[in-house]
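[1] any chance you could fold what I've pasted below:
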Amino acid sequence: MNERKIHRYFCIPFLLTHASLAMLVGLLLTLQACEKKKPPAPPPPAVEVVSVIQRDIPVIHEWVGTADGLVNATIRPQVTGYLIRQKYVEGDIVEKGQVLFEIDPRPFQAALDQAKGTLAQFTAQWEDAKANLARVIPLAAQNALSKKDLDDATGAERSAMAQVVAASAAVENARINLGFTKVISPIHGMAGLATTQIGNLVGPALGRELTTVSTIQPIKVYYSVNEQAYIDFMRRFSTSAAGLEKARKLQIKLVLADGTQYPYKGTFYAIDRQVDVTTGTLRVAAVFPNPRNLLRPGQFVRVRVLVGTKKGALLIPQRAVNELQGSYQVAVLGTDNRVYLRNVKPGESVGMFWVIEQGLRPGERMVAEGAQKVKQGTAVTPMPFALSTTAISRALRTAFSPSTSANGK
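    Reported below is the predicted structural model:
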């Protein structure tokens, strides 16, 4: 093999090796360039953080209540007859003894006149019987008449007297029935709409009421308390009488359908003797002043009762609590600004806050806004909660003042 062939034979692999090295170097340079252009890792997500608030709060329970008259008198006719007159303004206040309706009195006046005539007739007969007895007694004493004659005269006088008594009762009954033709209100209160019309036949056997009169100043409000709330309240006292005495001193307020607070406070009136077996609740009545007739029977209200003070309650905004299949979680921040999900037991919800019974300690930080961005162990950038400290304090004063309420349990 000559030198030229030998040189070509050995140089070809050498040239190939240099080409491969060049390609490899180019590839490495390209990879380095790509690495230099790769964007940096994103910063931890920013979340709004709030600390657990600890303070004494009033314990205020709330229930749905129904207003009712202190006394509700159903007005029904006591005699049968045709209604001829309505003498009150529907929905107006009526006085005790005021005439509301009139029933045609003519048949009852005739019955009274007839009873009086019968009484006069029996009275005359009694007078004759008494006169006859007065004549018989001395004759019988002289044995001028027999004992039987005396007995007969005495019996006739007593029979005539009994007829007079019966006739007098008939007159009184007729007079009462005539009086019943004027249907009066037995109480002072507000009269409802009439449920019958002039010209209708009315009477006790027909089962139709004429109207209802309710005493609404003051007015009752009924609400139902569950057994647990009743037991929790009463076990604080050594006797039932002490518990009822305390109940009479409770602050009871109302919230109307439009969300405004009723301006007058109420007082405990009574509690039912038994628990409703269908609902497991006790019916409670409170009494409220109603000088402007703002409350009417049948009106729905919210009853708020201040029952005590909860010392050192732990409060967090409701938005910091996540509910999942009946369990409640909060995203707690550790000292390393990492999120740790923790189960908690919430108590009463009041306004924008939730009272936490178990699972948190005073001063702990948690995610109040942005919890959907994080999961267990996520590092975050904590930011102040959107509500300022002043706004939270104001919300606390509003939520836990006696004029507002927690949801009763």
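[2] just checking, what packs against the lengthiest strand in the chain?
    Identified as the longest strand of the chain according to DSSP state E is strand 53-75. Counting contacts by 3 or more C-beta pairs under 8 Å, 6 or more residues apart in numbering; DSSP states H and E, strand 53-75 is packed against strand 189-191, strand 211-226, strand 300-317, helix 389-399. Placement of C-beta: from N, CA and C, glycine included.
[3] average model confidence for the helix or strand just after that strand?
    Elements were assigned by DSSP states H and E; along the chain past strand 53-75, the next helix or strand is strand 81-86. Strand 81-86 shows a mean pLDDT of 95.
[4] which helices and strands does strand 81-86 pack with?
    Right, strand 81-86 is packed against strand 99-103, strand 201-202 by 3+ C-beta pairs under 8 Å, 6+ apart.
[5] switch the cut-off to 6 Å
    strand 99-103 (3 or more C-beta pairs under 6 Å, 6 or more residues apart in numbering; DSSP states H and E).
[6] just how off-centre is the strand it packs on within its chain?
    36 Å (C-alpha atoms, centre = their mean, to the nearest Å).
[7] next: stretch 263-271.
    Worked out by C-alpha atoms, centre = their mean, stretch 263-271 lies 13 Å from the chain centre.
[8] list the buried residues for the longest strand of the chain?
    Applying a neighbour-count criterion of 16 or more other C-beta atoms under 10 Å, one finds 53, 57-63, 65, 67-70, 72-73, 75 buried in strand 53-75.
[9] wait, residue 333 sits on residue 368?
    No: the criterion here is C-beta atoms under 6 Å, and residue 333 misses it with residue 368 at 10.6 Å.
[10] neighbour count: those two, which is higher?
    Using other C-beta atoms under 10 Å as the criterion, residue 333 and residue 368 rank with residue 368 on top: 24 against 19.
[11] the helix or strand encompassing the more buried one - contacts with which helices or strands?
    Using DSSP H and E, residue 368 sits within strand 365-369. For strand 365-369, the elements it packs on are strand 46-51, strand 327-333, judged by 3+ C-beta pairs under 6 Å, 6+ apart.
[12] which residues sit against it?
    Contacts with strand 365-369, where a contact means C-beta atoms under 6 Å, 6 or more residues apart in numbering, come from 47-51, 317, 319-320, 330-333, 385.
[13] of those residues, just the buried ones, ChimeraX syntax please.
    Filtering those down to the buried ones (16+ other C-beta under 10 Å) takes a single ChimeraX command:
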select :47,48,49,50,317,319,320,330,331,332,333,385
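[14] residue 299: neighbour count?
    Neighbour count of residue 299, defined by other C-beta under 10 Å: 16.
[15] from what I can see it touches residue 67, true?
    Yes: at 4.3 Å, residue 299 and residue 67 qualify as touching, with contact defined as C-beta under 6 Å.
[16] near residue 115, how many other residues are there?
    Neighbours of residue 115 (other C-beta under 10 Å): 20.
[17] what helix or strand is it located in?
    With DSSP H and E as criterion, residue 115 is part of helix 106-141.
[18] output the contacting helices and strands for the helix or strand that comes right after that helix.
    The C-terminal neighbour of helix 106-141 among helices and strands, as given by DSSP H and E, is helix 147-180. Packing contacts for helix 147-180, counted by 3+ C-beta pairs under 6 Å, 6+ apart, involve helix 106-141.
[19] may I see the buried residues of the helix it packs on?
    Of all the residues in helix 106-141, those buried under the rule 16+ other C-beta under 10 Å are 107-108, 111-112, 115-116, 118-119, 122, 125-126, 129, 132-133, 136, 140.
[20] worst mean pLDDT among the helices and strands packed on strand 53-75?
    Across those, helix 389-399 gives the lowest mean pLDDT, at a mean of 60.
[21] ok, back up a step: which helices and strands does the helix holding residue 115 pack with?
    helix 147-180.
[22] pull out the buried residues from the helix it packs on.
    In helix 147-180, counting by 16+ other C-beta under 10 Å, buried: 150, 153-154, 156-157, 160-161, 163-164, 167-168, 170-171, 174-175, 177-178, 180.
[23] mean confidence score for that helix?
    92.
[24] ok, now how distant is residue 185 from residue 213?
    5 Å (C-beta to C-beta, to the nearest Å).
[25] please apply the same query to residue 72.
    Taking C-beta to C-beta, one finds residue 72 at 8 Å from residue 213.
[26] what do you get for residue 273?
    From residue 273 to residue 213 the distance is 27 Å (C-beta to C-beta).
[27] neighbour count: these two, which is higher?
    Set side by side, residue 273 and residue 213 give different neighbour counts by other C-beta under 10 Å, the larger being at residue 213 (25 against 7).
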